[in-house]
Structure formats: structure tokens, C-alpha cells
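Asker: A predicted structure for the sequence below; I have some questions about it.
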Amino acid sequence: MKILITGGTGMIGQRLAEFLIDGGHEVALLTREPQRSSRFRLFGWDPQGGTIDPAAVPYADCIVNLAGSNVAEGKWTAGRKHEILRSRLDGLELLQRELAKPGHHVRTLLSASAIGIYGDRGEELLYENSPTAAPADDFLADVVLQWEAAARAVGAHKARVVLPRIGIVLSPEGGALVPIAKTVRYGAGAPLGSGRQYMSWIHLDDLCHLLEQMLQDERWQGEYNAVAPNPATNQEFTETLAQVMHRPLLLPKVPAFGLKLAMGEMSEIILGSQRVSANKVLSQGFHFEYPTLREALESFYE
């Protein structure tokens, strides 16, 4: 297959592109910097400006949409919230416009989503058909609801739409694990808030294998929780990481009020609890190489 990736310069996009190349597929990236050096074919686009290389969409059999500003970077001012939302919607709206034109053979859109759609749900086990959080009460849930709706609109052009709701992606190269591991390494690790909030995670390699399977097998359609089958509480996560890294946990829990003072509304990323089920992807026949947290962390730090 010929696969076109948006957001392909990010942590997930880079690893996925390597997986797909190793699997015998052709890969090209949509980028704002098409002149830069890359081992992949590059097509230019500017989602905010509404422009795209006219050869990009006709190149592809499948499109993987990973574009979107990092929600954990910078405080959530009104301007930052607008940027987070539009960085997800502008690209999809541009793709929808291009897919409405004749002369392409795109049959699948795999568009990233997130478990933030469920909001803070405590110990409730969350499935794909669980109620989502109320958009008026939860910024991230509002973003993800609009993100998924924009991707589904592409399905009007007869493309199969797959929406992996991605959890916390574990990798030593980036994402949430890096700052947590850094504090543990230097003896400053501690559970955050109550420590009882659930973290639904997935190893980066498992995520890439899952996305590849979603692209290749047309039985995959609609929403899927892209998480490992064993979510952990924040305390369990921190303690397991310290054990794997052979470091003690010396500090008490970091109080929730301190995190809220330091981070504002963005603290809900850390303090919110999402205990998300992987049953649907398991029933579809997907096999996790790293189903437990210890196995995943040991692949990085042992």
C-alpha cells in the first residue's frame, strides 16, 4: 500500500513510518517543510492556510492522520486552546475537501483520537460505547468529540474511517514517560495527587503494530480504544517504574492543589482518571507484545 501520514514528524509518526516501510509499504509524509531532508517522500501542506500539494492525496491508498498540537505544552490560555483545537480540525477539513475531488484512490482514513473523550471517570471501566464527557465541562473531551466528528465527515466520500482512541503512549524518546522517568532517576519521583487515578497506557511499538493492522484489515472500522489491557493507577505506575529503574521513592505524594496552582486547567491531564478497556481490540484478534506495565517499562530500562 501507499500510505500518506500527517503529523509524521512526531514520535508516533516517525516510528509508524519505520514499521510500515519494514512491512513492505510505501510511505510519504505531509509536512509544512517539504524541502527538508528526509528518507521519506514529502508533500507540502499548510492546513491553516488551506493549501496542499495537489499530488499528495492522489498518491495514497490510505491516509493516517496524526496531526495535532501537543496538549501538554504550555498553559491552556484561550489562545492555546484555540490552537489545540484548530491544529486537529484544519487538516481534516482540508483532507475532506481534497477527497471530495475525483482522481484519487484513497480507501481508508485512520485518524488519531484520544481517551480524553471520556473525561475524569474514577474507577469506572470505559468501553467504546461508554458515554463521553460533557463538552461544556471538559476541554479535552470537547476537542476529541470535534476531532472525531471531523474525521467521520471524511467517510462521506466512501473512505473507511478508523478512530483509534489513543492512551498514554510509552516511549523513552518522548511523551509522558520521559519527564516521569527523569524525576524517578534523580530520586524525586512521587505519585501525583491521590495516586489513585488510572493511567491507560500503550507501548509505542504495540500502538504501531495496532495501527498497521487497522490499515491492512478492512474489518476494522469506527472507534477503538488503543490501550494495553492492564491500566495502572498513578501510584502503581510510579512504583513499578521505580522498581524497574532500581531507584527508591523517597518523596510523599505531590498534592493535587499544588499541581492545579502550577498548571491550571491543564492539570486535568495528570489528575484525571481513565480506566479504559482494551476488550474490543483483543476481540478483533490483536495481540499485545507488552500487555503489562512491567513488561513495557523493562523493554526500555532493563
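Answerer: Right, received. Where do you want to start?
Asker: strands along the stretch 151-300 of the chain, start to end?
Answerer: Counting by DSSP state E, counting those that start in this stretch, the stretch 151-300 of the chain has these strands, from start to end: 160-166, 168-170, 198-199, 201-203, 222-226, 232-233, 275-276.
Asker: flag every buried residue along the fourth one.
Answerer: Burial within strand 201-203, assessed by neighbour count using 16 or more other C-beta atoms under 10 Å, is assigned to 201-203. C-beta coordinates here come from the backbone N, C-alpha and C atoms, glycine included.
Asker: of those, closest to Asp46?
Answerer: The shortest separation between Asp46 and any of those is 31.0 Å, and it belongs to Ile202 (by C-beta to C-beta).
Asker: tell me the contacts of that closest one?
Answerer: The contact partners of Ile202, by C-beta atoms under 8 Å, 6 or more residues apart in numbering, come to 166-170, 210, 226-228.
Asker: again, only this time at 6 Å
Answerer: By C-beta atoms under 6 Å, 6 or more residues apart in numbering, the contact set of Ile202 is 167, 169, 226-228.
Asker: which of the residues you listed ranks first by neighbour count?
Answerer: Ranked by the number of neighbours (other C-beta atoms under 10 Å), the contacts of Ile202 place Val227 first, at 29 neighbours.
Asker: and the pLDDT for the nearest residue to it once chain neighbours are set aside?
Answerer: Take Val227 and drop its neighbours on the chain: the residue closest to it by C-beta to C-beta, 6 or more residues apart in numbering is Gly167, 3.8 Å away. Confidence per residue is given as pLDDT, and for Gly167 that number is 96.
Asker: list the buried residues for stretch 140-155?
Answerer: If you call a residue buried by 16+ other C-beta under 10 Å, then stretch 140-155 has these buried ones: 140-145, 147-148, 150-152, 154.
Asker: please read the previous query as pertaining to stretch 222-237.
Answerer: Residues 223-237 are the ones in stretch 222-237 that count as buried (16+ other C-beta under 10 Å).
Asker: same question for stretch 36-46.
Answerer: Within stretch 36-46, the residues that count as buried by 16+ other C-beta under 10 Å are 40, 42-43, 45.
Asker: contacts for that stretch?
Answerer: Identification of contacts with stretch 36-46 by C-beta under 6 Å, 6+ apart yields 27-31, 34, 52-53, 56.
Asker: from start to finish, how long is it in a straight line?
Answerer: The first and last residues of stretch 36-46 sit 15 Å apart, counting by C-alpha to C-alpha, to the nearest Å.
Asker: what of stretch 62-72?
Answerer: The stretch stretch 62-72 measures 29 Å between its terminal residues, going by C-alpha to C-alpha.
Asker: output the buried residues of strand 201-203 as CSV; include the columns pLDDT and distance to Ile63.
Answerer: Converted to CSV, the buried residues of strand 201-203 look like this (pLDDT from 0 to 100; distance: C-beta to C-beta, whole Å):
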residue, pLDDT, distance to Ile63
Trp201, 96, 26
Ile202, 98, 22
His203, 98, 24
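Asker: what is the nearest of the residues you listed to Ile269?
Answerer: Distance to Ile269, by C-beta to C-beta, is smallest for Trp201 among the buried residues of strand 201-203, at 13.5 Å.
Asker: which other helices and strands contact the longest helix along the chain?
Answerer: Criterion DSSP state H: the longest helix present in the chain is helix 78-99. For helix 78-99, the helices and strands in contact under the criterion 3 or more C-beta pairs under 6 Å, 6 or more residues apart in numbering; DSSP states H and E are helix 139-154.
Asker: of the contacts of Ile202, closest to Glu93?
Answerer: When the contacts of Ile202 are compared for distance to Glu93 (C-beta to C-beta), Ala226 comes out closest, at 23.5 Å.
Asker: now do the contacts for that closest one.
Answerer: Ala226 sits in contact with 164-166, 202, 207, 210, where contact means C-beta under 6 Å, 6+ apart.
Asker: can you lay out the residues you listed as TSV showing distance to Val71?
Answerer: Below are these laid out as TSV (distance: C-beta to C-beta, whole Å):
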residue	distance to Val71
Pro164	17
Arg165	14
Ile166	12
Ile202	17
Leu207	17
Leu210	21
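Asker: and which of these is nearest to Gly119?
Answerer: Set against Gly119, the nearest of those by C-beta to C-beta is Arg165 (12.6 Å).
Asker: any stretches of the stretch 151-300 of the chain with poor pLDDT?
Answerer: The stretch 151-300 of the chain contains residues with pLDDT under 70 at 255-267.
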